[in-house]
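# return a 3D structure for these sequence lines:
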Amino acid sequence: MKIFITRLIPDKGINLLKEKGYEVVVSPHDRVLTKNELIDVLQKDRYDAVLCLLTDKIDAEVLSAAGPQCKIFANYAVGFDNIDLKAVAEKGVMASNTPGVLTDSVAEHTFALLLAIAHRVAEADRFTRAGKYMGWEPMLFLGESVSGKTLGIMGLGRIGSRVAYHAKRGFDMRVLYYDVKQNGEFEKEFQAEFRANPDDIFKEADFISIHVPLLDSTRHMVNKERIHMMKKTGFLVNTSRGPVIDELALVDALKNGVIAGAALDVFEHEPELASGLRELENVILTPHIASATEGARQAMSETAALNIIEALEGRTPPNLVKI
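Numbering: from 1, shown residues only. Modelled structure (predicted):
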């Protein structure tokens, strides 16, 4: 069996595949392959599985290039919006993801961003590094407290639920949530309140944290209208997928004081940023690193490899994406 990995990943999964006796080929380019490059690689040799990244667009052309012997595209990510699931179904190929193993890391990063934007940590760091700090001042970098405030969670999956845990148990925040399904058990555990209309989250919350997958129904879910529903003192945090937010509308709102600030780990047109975003002081920007801990990334590598092993040995991968 022969496996192609589209970019170097942590070694735990690679070693698992090699221990099974598979031939593992890792792309020599430490960058995102273009679609034509990926097609060329898959046409030049025959692979039984492909371990791909969220930056790889797996569509009908790529699937065709892989040929009928390729049984699975194992995504090194919890999200799978980069994979054309309709084309996967038509080709009879399996697709898998890596849920669960990065929950804590992403939830922690979410809360790190929330605290940092509320307490103006990045602004203060830049100010101090620039040599502008001349001593303590009573009005210097006044931020907002987090404890006791209202957190609105958009999307109550594993990560959203874990963020709620930190919010309630660590900071005694009031938790509101929107999801396609109401969760009574969650409400009981965290005294959380369900909102069937996402507009209500934007109107009521002091902090809003985005945890929905990227679907047609969630693209630009956070649009100009909803941003303008937020409190002027409100903050927006996104560690899910960039296109969930209309980035130009957010830039305009941040420039004009419609909301107090935003913290983003993902962007609408990665790695590009919307015009004017990088110049704003009331926004924190991190380069899609919410899952970037040694433990989480190694676990993602292992999970992707295990999905491949199960598929190639004729069993159902534990994280098969249901189509």
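
# quick one, strands of the stretch 51-200 of the chain?
For the stretch 51-200 of the chain, the strands defined by DSSP state E, counting those that start in this stretch occupy 72-76, 94-96, 150-154, 174-178, 193-194.

# mind listing residues that contact the shortest one?
Contact partners of strand 193-194, identified using C-beta atoms under 8 Å, 6 or more residues apart in numbering, comprise 174-179, 182-183, 187. For the C-beta atoms, the positions are set from N, CA and C on the backbone; glycine is no exception.

# buried among the residues you listed? Make that a PyMOL selection.
In PyMOL syntax, the buried subset of these is picked out as below (16 or more other C-beta atoms under 10 Å):
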select buried, resi 174+175+176+177+178+179
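
# quick one, helices of this protein?
11-19, 35-44, 60-66, 85-91, 103-118, 121-129, 158-165, 171, 184-190, 198-204, 224-229, 247-255, 294-312 (DSSP state H).

# residue 119 contacts residue 142, correct?
No. The pair residue 119 / residue 142 is not scored as a contact, 9.7 Å apart, by C-beta atoms under 8 Å.

# the two - which one has more neighbours?
Under the criterion of other C-beta atoms under 10 Å, the comparison of residue 119 against residue 142 puts residue 119 first, with 16 against 9.

# and the more buried one, how far is that from residue 267?
Residue 119 sits 23 Å away from residue 267, going by C-beta to C-beta, to the nearest Å.

# find the centremost residue of the chain, please.
residue 240 (3.4 Å; C-alpha atoms, centre = their mean).

# what about the closest residue to that one other than its chain neighbours, neighbour count?
Closest residue to residue 240 apart from its sequence neighbours, by C-beta to C-beta, 6 or more residues apart in numbering: residue 210 at 4.9 Å. Residue 210: 24 surrounding residues under other C-beta under 10 Å.

# ok, residue 301 next?
Residue 301: 24 surrounding residues under other C-beta under 10 Å.

# now do residue 231
Around residue 231 there are 17 residues (other C-beta under 10 Å).
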